[in-house]
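Asks: predicted model, plus sequence, below.
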Amino acid sequence: MGKVRNWLAFGLSGLGLVALLAGCGSNPPPAASGAKSAQAAGPVQTIQNKGSDTLVNLALAWAERYMQLHPDVRISVTGGGSGTGIAGLINGTLDIANASRALTKEEIAAAKANGITPVEHSVARDAIAVVVNPGNPVQGLTLQQISDIYTGKITNWREVGGEDRPIVRLSRESNSGTYTYFLENVVRQGKKSNLVFSPDTLLMPSSQGISSEIAMNRNAIGYDGLGYVTPDQKTLGVAKAAGSPYVQPLVETVNDGTYPVSRPLFMYTAGEPTGQIKDYISWLISDGQKIVRDLGFVPLQ
Amino acid sequence: MLLSIAALVVVVPILVVIATIVVRGLAAISWEFLFGMPRDGMKAGGIFPAIVGTILLVLGTAVAAIPIGVGGAIYLSEYARDNAFTRSIRLAIVNLAGIPSVVYGLFGLGMFVLFLRFGTSILAGALTLAIMTLPIVISTSEEALLSVPTEFRTVSASLGGTRWQGISRIVLPQALPGIITGVILGLLRAAGETAPILFTVAAFYLPRLPRSVFDQTMALPYHLYVISTQVPGMPLSIQYGTALVLLVLVLSLNLTATLIRSYYRRRRQW
Amino acid sequence: MNQSQRKGLSEFFLESLVRIAGFSTVGFVILIFLYLLQQGVPAFVRVSPANLFGKSWYPTLNSFGTLPLILGSILVTLTAMIIAVPLGVATAVFVREIAPNWAREILKPMIEVLAGIPSVLLGFFGMLLLSPVIYRLGAPTGLTAFTGALLLAYMSLPTIISVAEDALDAVPKSYRDAGLAMGATQWQTVWRVVVPAARSGIITAIMLGLGRAIGETMAVMMVTGNAARMPLTPNSLFSPARTMTATIAAEMGEVARGSTHYHVLFGIAIILFVLTFLINLTAAQSLFQKRRKGGLR
């Protein structure tokens, strides 16, 4: 008798679980979790803005300022990396995806397969600074040297004119648009190749990790958006090739094209934006540009 | 004595950690910090949404985990016989206790956020945390129930009470302090966990309080992780302040559990 | 239905409820495992074993070599155990057998406090205060496998200590009395009689601590540097490493659902689940020998 009851209970709990799942699964997803239609002008809706960690501070500043000017609008900003934002756009779980790189062909195809046509908006520009500890005597590097350092070919600072110290390479995580951009444009120098970051490269969870390690560690080298360079880091001049001048990353050198490592920053929407989202994006590419410089980025020209 | 060195090596760093966080974090604590909203990219203002979020998650976990946990414990201590089925339950409990927290996060993501379509929400987060807390609640509750001497049950039966009457009116109340202690210890684990809520509920920046169980929310452990690793220029005082709030929350739950346990141990009738 | 029949029915009903509650634990374990399998198996189908068990982890470039991650977890966990086991067993022996009452009253709550400290809090402390120390001691960077192992050791200590303590507790008083009666000192009695008698329980304690250490996520993610390198040389201990748990936590948020990367992360979760399952299975066998007091049977 006991055995039968045990099997019964076993089966019952299993059935119960399945019934629960089946029952709940058929409920339509509640409004708060999905992407919202921007047409509703009535009740307060939250614009879900997610993606690039490079953009996140700028997006936050824009959101804060915009919400001050328009108290009826709510904007939620999250980081997670360009890859996260784009994945969210493809899955239809957010309104605006922040990306510090352009969509790949595969991502565009995946979005279309889900019935979403991504629309690209250029919202600001960014210089990628190469940073070291202020105590590091090295002043500048060529693109080739930076590439060799990051692929592991160069392992000691004295090989590039510095002290006899091991080089500790810092990078963003692989889901970061900055990582992808750096890989393609600096490590691979814009050419198709199989070069990758050395496995010794420390993948820091975000810019803050890079900043604090650089500030403390004389062996370290890192890269990140100009907006994330804090006063306790030193930016290196970057030369396009041996013999070219070393150029520091500044708004001016990005605008006149002499700094070799700069890129546009994007926001993607599902289809052409309408309603509140449209107003927001229009604002940030016009009036919103005033605060771009304050955060260390380069405004659109 | 050699062994006392071992004990010191264990205990002294704990004190160092606590002292450091208290000393460096105290400066940030203010009314605004505890009850205000984050401002200026979270570099100023308060962490109220994170505190509220954690409290809501803990409550949700309690609501989900207590009935199943205590119920399961009652079954194990009062009804289950020593057979293969019971052993399978015990094995399951040990295993649930050992599953890495990030695996719970994955499961929560797949089951509650995606499959059941709750979305990243307090509901999903609380349910995930509840399954994670279940083994602690069951084990400690069972221990509490078992520690009630057999005589209590036999006397109840001899007076004509049914099994369930004996349990609900006699055994359970006697075991209650132990059960409550266990629940609090489980909840304090839930309050501090980050990995399970990473994908199921946590919001990076959501400067308003959650409005329903289907809402996202900020939470203390995730907030500490974010502000210490993801936000450049975050003042150290705010980081230590947040760490301090989390520490105080966890320590006070710990203290409450300990106090309940020692108080009732002294008052016990057996 | 008369009163006694009604009572019988409600008894049955309530008993079934708690029975279901009990078996739900089994249900959950099975459910979690099945779900992991469902999401992880496509990885084994889509990615060749040579790739999956290769040495290069570059998931955004379709290189899914998990070996550096597995070895990274093993390195950090093993080092943590080497630190934690002697410390933990010694502390358990001290608290249970040797410490005076006043010391016990302080130590036991302190260990419980340690048990309650969240992973992220310890990771925060490690990141800001421990890793600079490791750097100044001469490592190229303070974010190393060793730093992670140190934090992990402290996270596993409460588990090891409390289970070991229980094991020592279970050794009957008669053993100790016998030892002393034969003229042994307390020290000799403890180390040659009591501890060996508690051996299986202590091993259980170690296994449970090991299980806890492998599964740790946040603390290691914040201090090990997260570099997916193969830890094959002796200086790997003071070099950065990347664990399986940190990889899942760091990368899961990014992946598009259904992509190969997504499935591989679940595959790694399966490896973690199986590892902890086996460890807990072994530990569980000895745990069940513990005799229980009370109960109605």
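Replies: Perfect, thanks for sending it. Numbers count the residues shown, from 1 in each chain, chains lettered A, B, ... in the order given.
Asks: any weak-confidence spans in the stretch 1-150 of chain A?
Replies: A:1-45 (pLDDT under 70).
Asks: one more time with 50
Replies: A:1, A:21-43 (pLDDT under 50).
Asks: so where do the helices sit in it?
Replies: For the stretch 1-150 of chain A, the helices defined by DSSP state H, counting those that start in this stretch occupy A:2-25, A:53-69, A:82-91, A:105-113, A:143-151.
Asks: same check, this time on the stretch 1-150 of chain C
Replies: Going by DSSP H, counting those that start in this stretch, the stretch 1-150 of chain C shows helices at C:3-46, C:49-52, C:67-93, C:101-116, C:119-125, C:131-136, C:145-170.
Asks: what does chain B put close to chain A?
Replies: Contact residues (C-beta under 8 Å from any C-beta of the partner chain) of chain B with chain A: B:39-42, B:81, B:83, B:85, B:115-121, B:203-206, B:208, B:211-212, B:214-216, B:228-234. All C-beta spots, glycine's among them, are computed from the backbone N, C-alpha and C.
Asks: which of those are close to chain C?
Replies: Applying C-beta under 8 Å from any C-beta to those, those adjacent to chain C are B:81, B:85, B:228-229.
Asks: check what pLDDT whichever residue of the stretch 51-200 of chain B sits closest to chain A gets.
Replies: Nearest residue of the stretch 51-200 of chain B to chain A (C-beta to the nearest C-beta) works out as B:Gly119 at 2.2 Å. Reported pLDDT at B:Gly119 in the predicted model: 78.
Asks: what residues does the stretch 101-250 of chain C have near chain A?
Replies: So the stretch 101-250 of chain C meets chain A at C:132, C:135, C:140-143, C:221-222, C:225-230, C:239-240, C:242, C:250 (C-beta under 8 Å from any C-beta).
Asks: let me see the contact set for whichever residue of the stretch 51-200 of chain C sits closest to chain B.
Replies: The stretch 51-200 of chain C approaches chain B most closely through C:Pro118 (2.7 Å), counting by C-beta to the nearest C-beta. Going by C-beta atoms under 8 Å, 6 or more residues apart in numbering or on different chains, C:Pro118 touches B:191-194, B:221, B:246, B:250, C:218.
Asks: so stretch C:269-283, near chain B or not?
Replies: Yes - applying C-beta under 8 Å from any C-beta, one finds stretch C:269-283 touching chain B at C:269, C:272-273, C:276-277, C:279-281, C:283.
Asks: contact partners for the residue in the stretch 151-297 of chain C that chain B sits nearest to?
Replies: Proximity to chain B, evaluated over the stretch 151-297 of chain C using C-beta to the nearest C-beta, is greatest for C:Gly215 at 2.9 Å. By C-beta under 8 Å, 6+ apart, the contact set of C:Gly215 is B:98-103, C:245, C:272, C:276.
Asks: just the buried subset of the residues you listed, please.
Replies: Neighbour-count burial (16 or more other C-beta atoms under 10 Å in any protein chain shown) is assigned, among these, to B:98-103, C:245, C:272, C:276.
Asks: turn those residues into JSON lines, columns for pLDDT and secondary structure.
Replies: Below are the buried ones among the contacts of C:Gly215 laid out as JSON lines (pLDDT from 0 to 100; DSSP: H, G, I helix; E, B strand; the rest coil):
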{"residue": "B:Gly98", "pLDDT": "89", "secondary structure": "helix"}
{"residue": "B:Ile99", "pLDDT": "92", "secondary structure": "coil"}
{"residue": "B:Pro100", "pLDDT": "93", "secondary structure": "coil"}
{"residue": "B:Ser101", "pLDDT": "92", "secondary structure": "helix"}
{"residue": "B:Val102", "pLDDT": "92", "secondary structure": "helix"}
{"residue": "B:Val103", "pLDDT": "93", "secondary structure": "helix"}
{"residue": "C:Thr245", "pLDDT": "94", "secondary structure": "helix"}
{"residue": "C:Leu272", "pLDDT": "93", "secondary structure": "helix"}
{"residue": "C:Thr276", "pLDDT": "92", "secondary structure": "helix"}
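Asks: out of those residues, flag the one nearest to A:Ile277.
Replies: B:Val102 (33.7 Å; C-beta to C-beta).
Asks: get me the contact residues on the stretch 151-300 of chain A for chain B.
Replies: So the stretch 151-300 of chain A meets chain B at A:204-209, A:211, A:228, A:230 (C-beta under 8 Å from any C-beta).
Asks: which of those residues sit farthest apart?
Replies: A:Pro205 and A:Thr230 (16.5 Å).
Asks: between those two, which one's more packed in?
Replies: A:Pro205 (24 against 16; other C-beta atoms under 10 Å in any protein chain shown).
Asks: closest point of the stretch 201-301 of chain A to chain C, which residue?
Replies: A:Leu202 (4.0 Å).
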